[in-house]
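Participant: Give the three-dimensional model of this entry:
(2 chains)
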Amino acid sequence: MGAFQNFVTAFKAEHIKKKGTGIYVLGLIFGAIAPIIGFIALFFNPPLNTQNTFPFNLFEKFISEFSPAFTGFFYPLAIIICVSRIAQLDHRYGGWQLMETQPLNKFSIYFSKFSVILIHNLITIFSFLLVGCALVAIGTLFKELSKGAELSVPVVFILQLSLRLFVVGLFFSAVQYLIAVLVPSFIWSIVIGFFGLLLSSVLAGFNIRMEWNPFTIMAKTGDFTPGSQLGHVMLYSEWVAVLLGLVFCAIGFQWYRYKSFKAAFFKKNCPVFALAVVAIASVGMYFMLKPLQYEAYPKTIIDGKIESDRQFRVAFLMDPFTGDTLGKSLVNDKKFKLSMDRNMPLGTYELYFQGDMSTGIQFVMSQNDSLYFDVKSFANNTESTITGTRLAENQAKAPGEFSWSMAEYMMTQSNEYLDKPGEVAETIASEWKEAIDESAGNKTRDNYIPKDDFLSLDKKRIHLRYLNLWNAYMDKRKVVFPAAAKDKEPKEITEIKKQMPLKDQTLLADDSYMQYLIHELTAKDTSDTDKNTRELKAISALKPDAFKDRLLFAKMKQSLREASGSPERAALMADYSKGIADVKLGTLLTSFYTAQERIARGNPAPDFIASDLDGKPVKLSDFKGKYVAIDVWATWCGPCRMQSPFFETKAISSKKNKNIVFVALSVDKDKGAWFLQAKTKSKSVKQLHIGLDDLFSKNYSVESIPRFILIDPNGNFVNSQLPPPSEAAFGLLLAKETESAVKS
Amino acid sequence: MPENIIQTSGLNFRYSKKRPAIENLNLNVPKGSIYGFLGPNGAGKSTTMRLLTGIIPDDSNAISLFGKLINEQMPDMFSRIGALVESPALYLHLSGKDNLKYIARIKGISESRIDEILKIVELYDARNRKAKAYSLGMKQRLAIAMALLSEPELLLLDEPVNGLDPAGIVEIRMLLVKLNQEHGVSIFVSSHLLSEIEKMCTHIGIIAKGKLRFEGSMAQLSSQFSKCRVSLTLSDAAVWKDKLSGTYSEVEMISADKLSLLLPDKDSIPGFMQKLLSEGAKLYEVKIQDGLEEWFMELTSGKID
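Facilitator: All right, here's what the predicted structure looks like:
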């Protein structure tokens, strides 16, 4: 009897044995639970994103929504239970010995049972996918479809996802099966399985990544249902699952065959086997897990396509810092391509289409990069996928976007740490280290990490964040304990400072670097003048170069913005603007100065015309006699949507005050989109739409939104750049200006 | 020299370093025999069984079945063997019939044979009940049926009558003898009770503390007992004690109507009884006291080496 025939016999016999155990039925049930729960939730909840107007496949979308629950819980659970049951069938009453006294190879015995598990896994997977599709199909009969929903059954998506789910399940099953076969007591394989499941989710909470962990691998597949961004059949983690699955099958079989660990791996020819397995596993793992990085490209190219409900004819590349247009391309047949010749330092750039700000996509690149943009823009919502040599960079956490920090809490929210500099320094150092580790470990789902230039930039940003925190803390401490000026700098902080160069050209555009440098420049100056003057003087004293220009420019902008009035601004310009040698930066500063002057306190706020929800024209001058608080926003702007509830709260709490009007002024191009959102908002805020009004933008120096402006009853500016309403300062300023008429 | 169906030469095995479980075991099981493998609990019977079936790997190539090393014929040899190791290995969630179907599928036996064997072990009526619901005897019979299903040339049975009632023991015994005589099946059967298998075995091997103490045919075993101790139940035992003490050795008084004494061999019992009766003894019972059983007890308890 051939080996294959022998296996087939064992496999068929295994199916007689599993009669009545309901193993396959259980798989069917476990597969269906996640979509059923999702389906029920669908009925009780409104569709998650009613605004979603991108074209999307309804089946794919919902399967993607159910899949984290499936791969994170139900699928591993089904495997744990199935494996335990399969092994227990033979652990009870000597089934293993019965099989071993039959004309069956040990290979057939071990793998016929394993095959039953794999079939169970397939049943679970198909139950999940098909029940999911069926429920979505049923759901469409009862629920109104959102715009853009497509209803073709995504065959390729389903097949590819099945394959990926199968291989990640293979790995976990091989591990569980090994345990269940070797440990006769049924409780252990279940306990170990559950423990692993729990531990992995706990560790994931602590941001501990274990790329070889079967649960992590399964969860990753569930989180990224569309799969590779680079068009690969499987993610690298899934290839790892294939390798480790085979390795664990080999180890498990060898162990089972020779009964004891020692006999299986140390006797006779077995050490050769053991070495081969270890070698294959470690070499394979090394190559599979080694992060990939893109090489520099000979040219600098931006390439892509845009799908939209509008027609765009030109794509622009802009430097968001200076507002300069760096390049443009005609959009032909929805495709565009920019080939850049100029020197482009690593930094953030912005791509937008035909003067429509809502299509703006900020991204990271430098020269010698080749990026591909897949842009979708519908009804003022723009989504883009960026691939190419900056794949990982454009998926990494946006610079400056940090999670909750204990150090920051110690620094800003509380005064009780002011006399514990040691403790604060320790916290800062440990968080800093964590952030550095995390930055290095950021991988895309295709195993790419950012290029070294970006990684080093990211590191510097992390250094800056924590050094600035420390400096701010020490400033605060010195106010309360003047003697602290003589404190010795803790060694943790010195350690971080050592890694932060004081003259880094690549960071010229970075505000936090400016902040850090200025602080370091004036650290030794103990003269009695105010901080601002000290800092300006210190910068002016630097020897002239591009570095000084950039620094002074940033500082001047800040000083001008914070200046108390026209005379102070004039004095600042007179005393320091000459220090900027660069003509372009000088011009930029002058125009910033003029703009600030124009919207300075006491200057008349230029009138504008907007329309209200009824379509009637409303002028700013209509509100004369009352204070006017304006929130400049747009439906496509995330930070605006975050701030607007705070603005509304302020408006509602100020209802009794007849002396102030709250206005939300939309700059949306698409009036329809504005109307839909605006009519759902609180009546306490007057909803107005002005659209893309160049005159308004210029008159009010609207460089970015959200923007909050306060105008007095005479129509003059009180404050043209209020802090965001989420901050307490917003309420305090408002209250102060309207003479405590507004409750804060 | 008859062909041996099972042969081990210098078989050793130890679970731990200190104490050997099997020591220099040389088994010679002739083809066509019913070989009783006797020994008290813990003597190494089950270990030997596991070694013979390859459940414990035979690293020293000391075991041959059908005249070939078992390591050379694993696992194909099992199509010629019916084995019952550590009974009863059954799938309790399946019916009796499905248990047999499972074996039939593995060994490639037609399903018609299943009903046949069910009838032989008298489980035909219970064939569709789950094995869970079987009595211990039924389970045992089912396990034996599974071993017999393929009409094997060699049966390896580990304590097959363990837990059966006396009637059940007799049935199994008769079945095995029938298989042996009518189909020429060689049977290797282990037990810790001599009385269970004594009556059916043609050959016997006795193991204690991992060592083989005796191996040979039943005839050889019996001839080892040249002398035979009998007990007599008769009136006036005290009187007869004095009378007999002269001619027979080791005459002992057990109770007022019971004596025991040593005869030269079994064959002298009828003559001895005739003589007693002719001398006017009121004899109620004569019983062989010191048979194989006693010797076995002594052997295995370590009194004899």
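Participant: Domain map for the chain?
Facilitator: No chain was given, so I picked chain A. A:18-224, A:300-388, A:403-496, A:522-598, A:609-737 (automatic domain parsing).
Participant: To clarify, I was referring to chain B.
Facilitator: B:4-223, B:228-289.
Participant: For the stretch 101-250 of chain B, what lies in contact range of chain A?
Facilitator: Taking Cβ under 8 Å from any Cβ of the partner chain, the part of the stretch 101-250 of chain B that reaches chain A is made up of B:Lys101, B:Tyr102, B:Ile103, B:Arg105, B:Ile106, B:Lys107, B:Gly108, B:Met146, B:Leu156. For every residue, glycine as well, the C-beta is placed using N, CA and C.
Participant: Quick check: phi and psi on the second one?
Facilitator: If I follow you right, that is B:Tyr102. The phi and psi values for B:Tyr102, taken as degrees, to the nearest 10, are phi -60, psi -50.
Participant: pretty sure it is in contact with A:His15, am I right?
Facilitator: No: here B:Tyr102 does not reach A:His15: they are 9.6 Å apart, not a contact under Cβ atoms under 8 Å.
Participant: Look at those two and report which has more neighbours.
Facilitator: Set side by side, B:Tyr102 and A:His15 show more neighbours around B:Tyr102, with 26 against 15, by other Cβ atoms under 10 Å in any protein chain shown.
Participant: Would you mind listing the residues in contact with the more buried one?
Facilitator: Counting by Cβ atoms under 8 Å, 6 or more residues apart in numbering or on different chains, B:Tyr102 touches A:Ala13, A:Ile16, A:Lys17, B:Tyr91, B:Leu94.
Participant: Looking at these, which one is closest to A:Glu423?
Facilitator: Here the nearest of these to A:Glu423, counting by Cβ to Cβ, is A:Lys17; it sits at 63.6 Å.
Participant: Pick out the shakiest of the domains of chain B, pLDDT-wise.
Facilitator: Within the domains of chain B, the stretch with the lowest mean pLDDT is domain B:228-289, showing a mean of 84.
Participant: How far does it stretch from one end to the other?
Facilitator: End-to-end span of domain B:228-289 (Cα to Cα, to the nearest Å): 8 Å.
Participant: roughly how far is it from the heart of the chain?
Facilitator: 32 Å (Cα atoms, centre = their mean, to the nearest Å).
Participant: circling back: how about the domains of chain A, which one is nearest chain B?
Facilitator: Nearest of the domains of chain A to chain B, taken as Cβ to the nearest Cβ: domain A:18-224 at 3.8 Å.
Participant: Just the buried residues of the residues of the stretch 101-250 of chain B next to chain A.
Facilitator: Using 16 or more other Cβ atoms under 10 Å in any protein chain shown as the burial test, those include B:Lys101, B:Tyr102, B:Ile103, B:Arg105, B:Ile106, B:Lys107, B:Met146, B:Leu156 as buried.
Participant: and the closest residue to B:Tyr15 other than its chain neighbours, how many neighbours?
Facilitator: Nearest non-adjacent residue to B:Tyr15, counting by Cβ to Cβ, 6 or more residues apart in numbering or on different chains: B:Ala21, 5.4 Å away. Residues lying near B:Ala21 (other Cβ under 10 Å) number 21.
Participant: Quick check: B:Ala21 is in a helix.
Facilitator: No: read with DSSP: H, G, I helix; E, B strand; the rest coil, B:Ala21 is strand and lies in no helix.
Participant: for it, what are its contacts?
Facilitator: B:Ala21 is in contact with B:Phe13, B:Arg14, B:Tyr15, B:Gly44, B:Thr47, B:Gly210, counting by Cβ under 8 Å, 6+ apart.
Participant: nearest to A:Phe312, of those?
Facilitator: B:Tyr15 (80.0 Å).
Participant: where in the stretch 101-250 of chain A is pLDDT low?
Facilitator: Counting by pLDDT under 70, the ranges of the stretch 101-250 of chain A that qualify are A:207, A:209.
Participant: For it, which residues are neighbours of chain B?
Facilitator: Counting by Cβ under 8 Å from any Cβ, the residues of the stretch 101-250 of chain A near chain B are A:Thr101, A:Gln102, A:Pro103, A:Leu104, A:Asn105, A:Lys106.
Participant: still on that earlier bit, now, which of the contacts of B:Tyr102 sits nearest A:Ile493?
Facilitator: A:Lys17 (67.4 Å).
Participant: Quick check: that closest one touching B:Tyr91?
Facilitator: Yes: at 5.9 Å, A:Lys17 counts as touching B:Tyr91 under the criterion of Cβ under 8 Å.
Participant: what do those two both touch?
Facilitator: A:Leu89, B:Tyr102.
Participant: Within range of chain B, give me the residues from chain A.
Facilitator: Of all the residues in chain A, those lying near chain B are A:1, A:9-10, A:12-13, A:16-17, A:19-21, A:89, A:92-95, A:97-98, A:100-106, A:258-259, A:263, going by Cβ under 8 Å from any Cβ.
Participant: now, which of the residues you listed lie within helices?
Facilitator: A:9-10, A:12-13, A:16-17, A:89, A:95, A:97-98, A:100, A:106, A:258, A:263 (DSSP state H).
Participant: quick one on the thing from earlier: redo the contacts of B:Tyr102 as CSV? Include neighbour count and distance to A:Leu464.
Facilitator: Shown next, in CSV, are these (neighbours: other Cβ atoms under 10 Å in any protein chain shown; distance: Cβ to Cβ, whole Å):
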residue, neighbour count, distance to A:Leu464
A:Ala13, 22, 68
A:Ile16, 18, 69
A:Lys17, 24, 65
B:Tyr91, 24, 68
B:Leu94, 22, 70
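Participant: any idea which of the residues you listed is closest to A:Phe273?
Facilitator: Once Cβ to Cβ is applied, the member of the contacts of B:Tyr102 that ends up nearest A:Phe273 is A:Ala13, at 27.9 Å.
Participant: how about the nearest residue to the closest one, chain neighbours excluded?
Facilitator: Closest to A:Ala13 by Cβ to Cβ, 6+ apart is B:Arg105, at 4.3 Å.
Participant: Next: A:Ala440.
Facilitator: Using Cβ to Cβ, 6+ apart, the nearest residue to A:Ala440 is A:Leu455, at 6.7 Å.
Participant: For the one you found, give me its contacts.
Facilitator: A:Ser439, A:Ala440, A:Ile449.
Participant: try A:His689
Facilitator: A:Ala610, A:Ser611, A:Asp612, A:Leu665, A:Ser666, A:Asp668, A:Lys671, A:Trp674, A:Phe675, A:Ala678.
Participant: do B:Ser249 as well
Facilitator: Counting by Cβ under 8 Å, 6+ apart, B:Ser249 touches B:Leu261, B:Leu262.
Participant: for A:Lys578, same thing?
Facilitator: Shown in contact with A:Lys578 (Cβ under 8 Å, 6+ apart): no residues.
Participant: Is it part of a helix or strand, or is it coil?
Facilitator: helix.
Participant: Helices of the stretch 201-350 of chain A, residue ranges please.
Facilitator: Here the stretch 201-350 of chain A has its helices, by DSSP state H, counting those that start in this stretch, at A:214-223, A:236-258, A:261-266, A:270-289.
Participant: want to throw those into CSV with mean neighbour count?
Facilitator: CSV is the format used below for the helices of the stretch 201-350 of chain A (neighbours: other Cβ atoms under 10 Å in any protein chain shown):
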stretch, mean neighbour count
helix A:214-223, 23
helix A:236-258, 21
helix A:261-266, 14
helix A:270-289, 14
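Participant: follow-up on the earlier one: please produce JSON lines containing the contacts of B:Tyr102, extended by distance to B:Lys287.
Facilitator: Formatted as JSON lines, the contacts of B:Tyr102 follow (distance: Cβ to Cβ, whole Å):
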{"residue": "A:Ala13", "distance to B:Lys287": "53"}
{"residue": "A:Ile16", "distance to B:Lys287": "53"}
{"residue": "A:Lys17", "distance to B:Lys287": "51"}
{"residue": "B:Tyr91", "distance to B:Lys287": "46"}
{"residue": "B:Leu94", "distance to B:Lys287": "48"}
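Participant: Thank you, goodbye.
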